[in-house]
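**Q** sequence and predicted structure are below.
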Amino acid sequence: MGVKYSKYEHLKTIQSPLNQAQTMKLTRSGLQINQDVTSKPLNKRMIEKLKRNPKTAPDVLIILSSPFCDIDRITDHLYLTGMGGLTEENLATLSITCIVNATYEMPLLRMKGIESYRVPVDDDGNEEIILYFDDVANLIHSTSKQNGRTIVHCMAGASRSSTLVLAYLIKFHDYNLKTAFCYVKSLRSCARPNIGFFSQLIAYERYYRKDTSVEIIEIVKKGKKVQVPDFYPAMFPELFKAEVNRQLNKSHISNIKLQESKDRITFN
């Protein structure tokens with residue numbers, strides 16, 4: 001994966017990927033993008049109703065609960081959460097002026113006084129989320145310069161949204177990737193980009209910092225090759241174990257496809 005993104009400057013020739021994404025019907029990998037738009041966010045009452053509903057899918061119940069539904073302050077102008085944190089109460093309390101929806105499967109929330117953008121990617125390491133790094137980082141930065149506040153979310157606030165936040169910190173806050181990850185992880189316990197996204201963040205770091213603070217190492221577990229960031233085993237043993245299990249079992253908490261669920265959430 002690292003070789004594919006070793007020349008990030010080649011990808012920068014694509015003009016305004018974020019603007020292009022707002023009119024796309026399919027993701028770049030061919031998944032159908034949810035075209036639903038709503039002006040009615042979730043609220044605490046609706047979430048409690050979903051939790052009590054015996055027909056609500058187990059995966060949905062998980063992301064409606066802590067830590068995935070928590071809303072975490074990254075900077076004075078930037079917040080990170082999952083779909084469960086994108087509530088009417090949180091948007092009002094935090095004075096959010098910009099929403100970045102890092103999903104292809106969730107409705108786009110558009111409200112008066114709030115800009116909304118979609119980054120249509122799946123939580124799959126082969127997705128080229130790197131295409132959106134610059135546009136999203138610039139958007140967060142420009143919003144902060146206007147004294148606005150941005151909230152970035154995906155389904156669980158674990159992989160896709162945290163990846164975009166890390167790219168922003170690398171570009172505008174002089175963090176290297178390792179330091180940025182440790183910082184975000186200290187604020188949001190469930191933050192963990194999938195290994196493919198980590199490889200893309202390494203390429204992004206190399207482009208802006210001319211060096212890298214993280215390498216992807218390969219180990220063998222149960223006869224299978226597994227890739228992990230080199231600092232996981234020593235610094236985050238529990239995360240290392242979880243990442244190994246995720247790759248061995250081909251599963252991830254943020255890889256939830258509500259469009260395939262009988263209990264698809266539309267907010268309306």
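**A** Now that the structure is in, tell me what you want to look at. Numbers count the residues shown, from 1 in each chain.

**Q** contacting residues around the residue nearest the centre of the chain?
**A** For the chain, S161 is the residue whose C-alpha lies nearest the centre (Cα atoms, centre = their mean; 1.6 Å). S161 sits next to L80, T81, G82, V100, A102, V152, H153, C154 when contact means Cβ atoms under 8 Å, 6 or more residues apart in numbering. The way it works is simple: take the backbone N, C-alpha and C, and place the C-beta from them, glycine included.

**Q** which one of those residues is nearest to K185?
**A** L80 (11.1 Å; Cβ to Cβ).

**Q** what about that closest one, neighbour count?
**A** 28 (other Cβ atoms under 10 Å).

**Q** quickly find the element holding it.
**A** Assigned by DSSP states H and E, L80 belongs to strand 78-81.

**Q** what does G196 give?
**A** Take DSSP H and E as the rule and G196 turns out to sit in helix 195-209.

**Q** now do that helix: distance to the chain's middle.
**A** Helix 195-209 sits 15 Å away from the centroid of its parent chain (Cα atoms, centre = their mean, to the nearest Å).

**Q** between helix 195-209 and the helix or strand that it is followed by, find me the angle.
**A** Sequence-wise, the next helix or strand downstream of helix 195-209 (DSSP H and E) is strand 216-221. If you take axes from the mean of the first three to the mean of the last three Cα atoms, to 10 degrees, strand 216-221 sits at 160 degrees to helix 195-209.

**Q** show residues contacting strand 216-221.
**A** 1-2, 195, 198-199, 202, 225-230, 244, 248.

**Q** how about low-confidence regions in the chain?
**A** Scanning the chain for pLDDT under 70 picks out 1-7, 10, 251-268.

**Q** distance of the residue nearest to the centre of the chain from V119?
**A** Separation of S161 from V119 (Cβ to Cβ, to the nearest Å): 9 Å.

**Q** ok, S66 next?
**A** 24 Å.

**Q** by contact count, what packs against the helix holding G196?
**A** helix 8-11, helix 160-172, helix 177-187, strand 216-221, strand 224-229 (3 or more Cβ pairs under 8 Å, 6 or more residues apart in numbering; DSSP states H and E).

**Q** mind putting the ones you listed in a markdown table, distance to L109 included?
**A** Listed next are those as a markdown table, based on distance: least, Cβ to Cβ, whole Å:
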| stretch | distance to L109 |
| --- | --- |
| helix 8-11 | 28 |
| helix 160-172 | 14 |
| helix 177-187 | 23 |
| strand 216-221 | 34 |
| strand 224-229 | 32 |
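
**Q** winner for burial among these?
**A** Highest mean neighbour count of the helices and strands packed on helix 195-209: helix 160-172, a mean of 27 (counted as mean count of other Cβ atoms under 10 Å).

**Q** quick one, it and helix 177-187 angle?
**A** 130 degrees.

**Q** list the contacts of L139.
**A** L139 sits next to L18, C98, V100, Y117, T150 when contact means Cβ under 8 Å, 6+ apart.

**Q** what separates it from L108, distance-wise?
**A** When L139 is compared with L108 (using Cβ to Cβ), they lie 15 Å apart.

**Q** cool, and S29?
**A** Counting by Cβ to Cβ - S29 and L108 are separated by 19 Å.

**Q** out of the two, which sits in the busier spot?
**A** For S29 versus L108, neighbours defined as other Cβ under 10 Å are more numerous around L108 (18 against 13).
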